[in-house]
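missing the sequence, but the structure's below:
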């Protein structure tokens, strides 16, 4: 069983920055990617970015490239999401997730992930 705990969300003005953290533990989590997703009210859960813990290979949703950066501290079992130039439309609950063994190669879909954190709220005011 993999356990994930997010932190770092909050209220920020448009143009500001936040760094989210996701501490991962348990199971065989190092073998699979860790991803960040977000879900705004009334919308589907949306892929943001993911990183392979071994090797650090990353992938981003097109709309996040250049503003968001995913990284990991292997020694701390922690994955970060640095978010810059935030916009009101970035307002959502942000979740981190641990990849499922059956996930697709790209791990960009919610169904590619087996374990989820409780989420952290990010609110960007205009």
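Yep, that arrived. These figures come from a predicted structure and were not determined experimentally. Numbering: from 1, shown residues only.

only C-alpha atoms from now on, for both contacts and neighbour counts.
Fine.

once you drop chain neighbours, what's closest to residue 109?
Excluding its sequence neighbours, the residue lying closest to residue 109 (CA to CA, 6 or more residues apart in numbering) is residue 47, at 6.5 Å.

once you drop chain neighbours, what's closest to the residue nearest the centre of the chain?
Nearest to the mean C-alpha position of the chain, counting by CA atoms, centre = their mean, stands residue 36 at 1.8 Å. Excluding the flanking residues, the one nearest residue 36 by CA to CA, 6+ apart is residue 96, at 4.4 Å.

tell me how many other residues crowd residue 74.
Using other CA atoms under 10 Å, residue 74 has 13 neighbouring residues.

and the gap between it and residue 54?
Using CA to CA, to the nearest Å, residue 74 is found at 8 Å from residue 54.

in the chain, which spans are strands?
3-7, 10-13, 18-25, 34-39, 46-51, 58-60, 68-73, 78-83, 92-99, 113-116, 120-125 (DSSP state E).

output those strands as a markdown table; include the columns mean pLDDT and distance to residue 107.
A markdown table is the format used below for the strands of the chain (pLDDT from 0 to 100; distance: least, CA to CA, whole Å):
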| stretch | mean pLDDT | distance to residue 107 |
| --- | --- | --- |
| strand 3-7 | 97 | 17 |
| strand 10-13 | 98 | 27 |
| strand 18-25 | 97 | 17 |
| strand 34-39 | 98 | 8 |
| strand 46-51 | 97 | 7 |
| strand 58-60 | 95 | 9 |
| strand 68-73 | 96 | 14 |
| strand 78-83 | 98 | 16 |
| strand 92-99 | 97 | 7 |
| strand 113-116 | 96 | 8 |
| strand 120-125 | 98 | 21 |
